[in-house]
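Engineer: The sequence isn't on hand, but the structure is:
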């Protein structure tokens, strides 16, 4: 059940954070989610991101039941790193993290982040299938 960008009802939603850019991980993950799982996909098309979209994203992060962060090779931007850090410090029990694809030179560092997140109490997955199973389990 997609919560679109005009919605302000995010309680119990799953926030789909992490790599945007040209990444397609969300379109792969969403069909694996149970139809009863409400989710907010912050990824917009080129040039569509604006202050209103940023405010809706922040509102969802504040209220979401589950915070998913997937890092993929298409964009290793620094803001996702901040969001991951912020969630790990404030609500690791709400976090599901995965790094997918060939991260090249970043793989070692992202692996250390995953290890640290696990130690803090976050769920760390190795694939989108594991992410979907972890999200679905939180709604059953």
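Structural biologist: Thanks, I have the structure now. As the structure is a prediction and not an experimental result, all values here were calculated from the model. Numbers count the residues shown, from 1 in each chain.

Engineer: from here on, contacts and neighbour counts on C-alpha atoms
Structural biologist: Noted.

Engineer: Checking residue 28 next. Helix, strand or coil?
Structural biologist: For residue 28, the assignment made with DSSP: H, G, I helix; E, B strand; the rest coil gives helix.

Engineer: can you pull out the helices in the chain?
Structural biologist: For the chain, applying DSSP state H gives helices covering 25-29, 51-63, 78-90, 107-120, 128-138.

Engineer: Same list (these) but as TSV, adding distance to residue 18, mean neighbour count and mean pLDDT.
Structural biologist: Listed next are the helices of the chain as TSV, based on distance: least, Cα to Cα, whole Å; neighbours: other Cα atoms under 10 Å; pLDDT from 0 to 100:
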stretch	distance to residue 18	mean neighbour count	mean pLDDT
helix 25-29	10	15	96
helix 51-63	12	16	87
helix 78-90	5	15	90
helix 107-120	13	15	95
helix 128-138	13	17	98
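
Engineer: Could you export the ones you listed as CSV, including distance to residue 19?
Structural biologist: Below are these laid out as CSV (distance: least, Cα to Cα, whole Å):
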stretch, distance to residue 19
helix 25-29, 8
helix 51-63, 14
helix 78-90, 7
helix 107-120, 13
helix 128-138, 13
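
Engineer: what about those, which gets the closest to residue 15?
Structural biologist: Of all the helices of the chain, the one in closest proximity to residue 15, counting by Cα to Cα, is helix 51-63 (6.5 Å).

Engineer: Off-centre distance for that closest one?
Structural biologist: Centroid separation for helix 51-63 versus its chain: 13 Å, with Cα atoms, centre = their mean, to the nearest Å.

Engineer: relative to helix 78-90, how tilted is that helix?
Structural biologist: 20 degrees (axes from the mean of the first three to the mean of the last three Cα atoms, to 10 degrees).
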